[in-house]
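Asker: Return atomic coordinates for the entry below.
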Amino acid sequence: MRTFYAASLLAASAILTPLGAQSVGLPIGTVAPAALVQTLDGKSVDLRQYIGTTPVVFEFWATWCPNCEELEPTMLALAKKYGDRVKLVGVAVSVNQSPARVKAYAAKHKLPLIVLWDHEGNATDVYSAPATSYVVIVDKAGKVVYTGLGGKQDLDAAVAKALK
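Answerer: Numbering: from 1, shown residues only. Prediction:
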């Protein structure tokens with residue numbers, strides 16, 4: 001199953017054109033699910049621990065993903081505009097990556113994310129991530145207010161909605 005998942009993720013990220021908001025993944029209005037992932041130093045964390053005080057932007061990404069790289073300036077702009085009012089969490093998929101590679105990439109690109117490692121694919125599965133560059137925005141009550149895919153997404157409008 002894991003091999004099939006990895007091959008599917010690679011194929012989808014290579015051929016998908018950028019899709020608009022709410023066209024993929026978790027249904028809008030659902031409660032963001034729990035998902036065990038790891039910090040880059042190997043400690044287990046649940047994605048739900050980031051929900052509750054501010055909206056959260058979850059990006060499922062990879063170091064080799066061109067759409068993810070295209071999305072980086074958008075994430076930087078969100079960090080600059082919203083600061084502590086929003087948490088930005090990058091969930092690195094484990095396909096063709098390692099924690100060390102992810103850590104080095106995040107440092108080199110100065111990603112403004114809490115960077116986590118989805119070694120077992122738990123988060124990717126429960127968040128219905130169809131490919132890398134998948135974004136889920138959750139309001140502080142834990143409800144999904146946005147999903148989208150691709151390098152060009154209007155995340156600013158979605159974050160503003162989540163802050164209301």
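Asker: Which stretches in this structure count as strands?
Answerer: Using DSSP state E, the strands found in the chain span residues 36-39, 44-46, 56-61, 87-93, 114-118, 134-138, 144-149.
Asker: Can you read off the pLDDT for residue 95?
Answerer: pLDDT for residue 95: 89.
Asker: before we move on, the earlier item: the strands of the chain into JSON lines, with extra columns for distance to residue 72?
Answerer: (C-beta placed from N, C-alpha, C; glycine too.) Converted to JSON lines, the strands of the chain look like this (distance: least, CB to CB, whole Å):
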{"stretch": "strand 36-39", "distance to residue 72": "20"}
{"stretch": "strand 44-46", "distance to residue 72": "23"}
{"stretch": "strand 56-61", "distance to residue 72": "9"}
{"stretch": "strand 87-93", "distance to residue 72": "10"}
{"stretch": "strand 114-118", "distance to residue 72": "13"}
{"stretch": "strand 134-138", "distance to residue 72": "12"}
{"stretch": "strand 144-149", "distance to residue 72": "15"}
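Asker: Ok, which of these comes nearest residue 101?
Answerer: Residue 101 lies closest to strand 87-93 among those, at 8.9 Å (CB to CB).
Asker: burial of residue 96, as a residue count?
Answerer: Using other CB atoms under 10 Å, residue 96 has 12 other residues around it.
Asker: what pLDDT does the spatially most central residue of the chain get?
Answerer: Centroid-nearest residue in the chain, with CA atoms, centre = their mean: residue 59, separated by 1.4 Å. According to the prediction, residue 59 has pLDDT 97.
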